[in-house]
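Peer 1: Show me how the following folds:
(2 chains)
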Amino acid sequence: MYYNKKETVAMLLAGGAGTRLGVLTRDVAKPAVPFGGKYRIIDFTLSNCINSGIDTIGVLTQYQPFELNQYIGNGQPWDLDRVNGGVFVLPPYMRTGNSGEWYKGTANAIYQNINFIKGYNPEYVLILSGDHIYKMDYDKMLDEHKKKNADCTIAVINVSIDEAKRFGIMKTDEEGRITEFFEKPKNPVSTKASMGIYIFNWQRLKQYLIADEEDKTSSNDFGKNIIPNMLADGLNLYAYEFDGYWKDVGTVGSLWQANMDLLDANSGINLSDGAWKIYARNMAEPPQCVHSGAKVVNTLMSEGCVISGEVKHSILSQKVTVEEGAIVEDSILFPGVVVKKGAIVRYSIVDSGVVVGEGARVGEENATLDEIAVIGAHAIIQKDTVIAKGSMVEGRSL
Amino acid sequence: MSVKGIIFASDREVKLNELTIHRTTTSLPYGSRYRLIDFALSNFVNSGVTSVGIIARKNYESLMDHIRMGRDWDLNRKNAGIAVFPPLSFGSGEMSKGKVDSLYGIMSYLVNAKEDYVYLTNGNLAINVNINDVVAKFEKTNADIVVMAHETIPSTSRRVVLEVDDSDKVNDILISEGYTSIRQLVSLGAYLIKRDLLISLVQSAYQRNQMDFEKDILQRKVGSLQMYAYIVDCAYVIDDIKSYYNASMQLLNDEVRDELFYSNGRIYTKVKDSAPTIYKEGAEVSNSLIADGCIIGGKVTNSILFRGVVVEEGAEIVDSIVMEKGRISRGAKLSHVITDKQVHVAEDRVLSGTETYPIVVAKGKQV
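Peer 2: Numbering: from 1, shown residues only, chains lettered A, B, ... in the order given. Reported below is the predicted structural model:
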């Protein structure tokens, strides 16, 4: 096979189980979770790639891959159905002699796909994860990487000292060169957090991946192994500071908050910006219909919705129905949710296809981020049922 | 049985004034996010008809821009797919004089086709039909031609009225102009016919300089050919401002939307990747259809907004249609108005038409 050489190949890690999202990731991988009315979480990373001029992307899947695979399809919605390059779903696979294994860690996932990357003979590999909401021009980061003559560039964002414990934290010198790196430190020495976005010189990375694989004590992880090893060997690692909107949506609270940020003009994330569009697979739904007597305010809503009730400060995905007398407030409704007559949904995330029965009550007013009620996909909430704040209701298999 | 689709992108009879200066009727924006041709293309694809010819007459740039390679309808196929015939591709090098002329101009396309049937349709039709059901009726009745029809009080100016017996066999065809208030069975300008028969009918009519498909073929042959009507409950023919306005407002009815947008499959259109619509704190929207990508701060009642429309705080839109990227500024009021794409209505301007005569504002104008 002959492939055109690509300067940069992106590898998007999309295999995590996303357990902290509970019932929302029972049947789908986290990157395939709906977001912002008409998107899936992975749309942000895929759109960032294509908007940055990167057209060759491997998506590494492992946990519950079907919906994600189907969603990505041939990559057409992101203009990634290419003769040269495009988007490829890369699951773990068997090798000769019946060997082969699951992706053991982030670095091992890339190690197992060395031959995929080799095919494009790239200069650089961009490592991404599929569970962050942000708009970023990777090309600018690559320019910095080249200018600094770096072996590895890590995108960093300033976080609060409390949050810092959850991230890879680094110390840099005046030039931005990384001097120390700590993965999820108990006592953070800085607030510069890794965004999980790395650019590596491919030849250098390949060498470290192979060495890391030979080290049986390694967890095969970028943050725990590859980065510290490169630092220890005195390689050129630089931080690339990003000051735009960036949100890790790994928890119910952060997923709810990131959705609500879309309603806040000052939050720093703007979906209507035509210069950096976020692309999504289109569901071919008819326009939204707001009936007489309905009220929709401070809300983001998508195609196919039919609203007869009251919707405030909420995000409604495609084909949501809110019947007469129903109230939806401070909530996120995934595609196809039906809220029946007189039902009330507050401070909740309601997964795809859920039916909230007449007069039922889901969630409660003024819930905190830890008290968002979550209803799993296709669950049926019976008439007049009350679901307390913070509850998590199991979904239903179709 | 295999079917080839043919769409006539424009018809000389259409009277849509400002709305069709820049485009064919078939690329007329309709229903918040569609162009009329989306219905024909989606009906074809949903029925497994993947070889579609589009006969353009004039102003077809917007049509080409909309269709591109047909990808949004899944019609960018290695085998079959879309073929667009621009007007001057016809043998004579002149603008075609009618459907017969147009079909004669693509004779080699018809002759070389492999399909048994041809489904011909005007592009000015909002309908959701499964063409396999039409084929089934054709075969059951042993018809020569099936004429798609609906019972209605026609809101269009030219109409082809069918007289049928109990088995829907067409006994007479009447073509008339002008409005009426009588309920009639009217042709939708769509036909299913065997390819071989179509070729011979077109050749023989063309040789006699008969260019009107309805008058010179259907009407003349009603005695000698077996014609059956296939009656559709929900369909809209759009050929003037009145019928456009009426067919648009019908979409506010849930049953009409279910029928047109879901009954025999989805209606696909060019995907524009607009963000979801933002309803601001002061938005008051009632009995309206809204596309994605709008930002609504004002009042919208009994209206249809296309993609990317901005309604500023204090603006009021009633009984109106605002096409793509319209901007209605603070304090402006629209009532019974159709604004074409990219119209800006400035602050405090008041535009008011009537139900039977809505005001039309041409593309890109500032008011």
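Peer 1: Please make it C-alpha for all contacts and neighbour counts, starting now.
Peer 2: Fine.
Peer 1: Show the pLDDT at B:E61.
Peer 2: We have a pLDDT of 82 for B:E61.
Peer 1: which ones are touching it?
Peer 2: B:R23 (Cα atoms under 8 Å, 6 or more residues apart in numbering or on different chains).
Peer 1: Quick check: the gap between it and B:H22.
Peer 2: 8 Å (Cα to Cα, to the nearest Å).
Peer 1: Same check on B:R257?
Peer 2: For B:R257 relative to B:H22 (Cα to Cα), the value is 28 Å.
Peer 1: least trustworthy helix or strand in chain B by mean pLDDT?
Peer 2: helix B:61-67 (a mean of 86; mean pLDDT, DSSP states H and E).
Peer 1: Now do the buried residues in it.
Peer 2: B:63, B:66-67 (16 or more other Cα atoms under 10 Å in any protein chain shown).
Peer 1: For the stretch 201-350 of chain B, list the residues in contact with chain A, please.
Peer 2: B:252, B:257, B:261, B:266-269, B:271, B:273-293 (Cα under 8 Å from any Cα of the partner chain).
Peer 1: who in the stretch 251-398 of chain A is up against chain B?
Peer 2: A:271-272, A:277-280, A:282, A:284-303.
Peer 1: Next step: those restricted to helices.
Peer 2: Among these, no member is found in helices (DSSP state H).
Peer 1: Show only the entries of those found in strands.
Peer 2: A:288-290, A:295-297, A:299-301 (DSSP state E).
Peer 1: what are the pairing partners of the helix or strand just after the least confident helix or strand of chain B, and which direction each?
Peer 2: Next helix or strand after helix B:61-67 toward the C-terminus (DSSP states H and E): strand B:81-85. Neighbouring strands of strand B:81-85 in its sheet, by DSSP bridges, are strand B:51-55 (parallel).
Peer 1: can you redo the ones in strands among the residues of the stretch 251-398 of chain A next to chain B as CSV with distance to B:H336, pLDDT and neighbour count?
Peer 2: Formatted as CSV, these follow (distance: Cα to Cα, whole Å; pLDDT from 0 to 100; neighbours: other Cα atoms under 10 Å in any protein chain shown):
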residue, distance to B:H336, pLDDT, neighbour count
A:Q288, 21, 97, 26
A:C289, 19, 97, 27
A:V290, 19, 98, 26
A:K295, 23, 97, 19
A:V296, 23, 98, 26
A:V297, 25, 97, 21
A:T299, 27, 98, 26
A:L300, 27, 97, 31
A:M301, 26, 97, 31
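Peer 1: for these, which one is nearest B:Y117?
Peer 2: Proximity of these to B:Y117 (Cα to Cα) peaks at A:Q288, which lies at 37.0 Å.
Peer 1: Scan chain B for its longest strand.
Peer 2: The longest strand of chain B (DSSP E) is strand B:184-194.
Peer 1: List the buried residues of whichever helix or strand comes after that strand.
Peer 2: In the C-terminal direction, the helix or strand that comes right after strand B:184-194 (DSSP H and E) is helix B:195-207. Within helix B:195-207, the residues that count as buried by 16+ other Cα under 10 Å are B:195, B:198-199, B:201-203, B:205-206.
Peer 1: following helix B:195-207, which helix or strand comes up?
Peer 2: helix B:220-221.
Peer 1: what's that following helix packed up against?
Peer 2: Packed against helix B:220-221 by the contact rule (3 or more Cα pairs under 8 Å, 6 or more residues apart in numbering or on different chains; DSSP states H and E) you find no helix or strand.
Peer 1: Which strands or helices does whichever helix or strand comes after it pack on?
Peer 2: Sequence-wise, the next helix or strand downstream of helix B:220-221 (DSSP H and E) is strand B:227-231. Applying 3+ Cα pairs under 8 Å, 6+ apart, one finds that strand B:227-231 makes contact with helix B:131-141, strand B:145-152, strand B:170-176.
Peer 1: Can you say which of the ones you listed is nearest to chain A?
Peer 2: helix B:131-141 (20.0 Å; Cα to the nearest Cα).
Peer 1: would CSV of the helices and strands packed on strand B:227-231 with distance to chain A be doable?
Peer 2: Listed next are the helices and strands packed on strand B:227-231 as CSV, based on distance: least, Cα to the nearest Cα, whole Å:
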stretch, distance to chain A
helix B:131-141, 20
strand B:145-152, 23
strand B:170-176, 34
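Peer 1: Mean neighbour count, distance to B:L125 and mean pLDDT added to these, as a markdown table?
Peer 2: As requested, the helices and strands packed on strand B:227-231 are exported to a markdown table (neighbours: other Cα atoms under 10 Å in any protein chain shown; distance: least, Cα to Cα, whole Å; pLDDT from 0 to 100):
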| stretch | mean neighbour count | distance to B:L125 | mean pLDDT |
| --- | --- | --- | --- |
| helix B:131-141 | 16 | 15 | 96 |
| strand B:145-152 | 22 | 11 | 95 |
| strand B:170-176 | 16 | 18 | 92 |
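Peer 1: Format these as CSV; extra columns: distance to B:P87.
Peer 2: Below are the helices and strands packed on strand B:227-231 laid out as CSV (distance: least, Cα to Cα, whole Å):
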stretch, distance to B:P87
helix B:131-141, 27
strand B:145-152, 26
strand B:170-176, 26
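Peer 1: Just give the nearest non-adjacent residue to residue 28, would you?
Peer 2: Here I'm looking at chain A. Among residues not flanking A:V28 along the chain, A:Q64 sits closest, at 5.3 Å (Cα to Cα, 6 or more residues apart in numbering or on different chains).
Peer 1: that answer is for a different chain, and I need it for chain B
Peer 2: Counting by Cα to Cα, 6+ apart, B:L28 lies nearest to B:R35, which is 5.2 Å off, once chain neighbours are set aside.
Peer 1: Looks like that neighbour contacts B:R23 (just checking).
Peer 2: No - using Cα atoms under 8 Å, B:R35 is not in contact with B:R23, being 10.7 Å away.
Peer 1: What separation is there between A:G250 and A:Y63?
Peer 2: As judged by Cα to Cα, A:G250 and A:Y63 stand 15 Å apart.
Peer 1: who has more neighbours, these two?
Peer 2: More neighbours surround A:Y63 than the other of A:G250 and A:Y63, with 19 against 16 (other Cα atoms under 10 Å in any protein chain shown).
Peer 1: in what helix or strand does the nearest residue to that one once chain neighbours are set aside lie?
Peer 2: Once flanking residues are discounted, A:Y63 sits nearest to A:G15: 5.2 Å by Cα to Cα, 6+ apart. A:G15 belongs to no helix or strand when assigned by DSSP H and E.
Peer 1: Report whether the expected contact of A:G15 with A:L68 is present.
Peer 2: No - using Cα under 8 Å, A:G15 and A:L68 do not qualify as a contacting pair, with a distance of 10.0 Å.
Peer 1: more neighbours, the two?
Peer 2: A:G15 (25 against 22).
Peer 1: so who does that one touch?
Peer 2: Per Cα under 8 Å, 6+ apart, neighbours of A:G15: A:29, A:60-63, A:65.
Peer 1: so of those residues, which ones are in helices?
Peer 2: Residues of the contacts of A:G15 located in helices (DSSP H): none.
Peer 1: And for residue 109, the neighbour number?
Peer 2: If you meant another chain, say so; for now it's chain A. For A:A109, the neighbour count with other Cα under 10 Å is 24.
Peer 1: my bad, the chain I had in mind was chain B
Peer 2: So B:Y109, with other Cα under 10 Å, has 13 neighbours.
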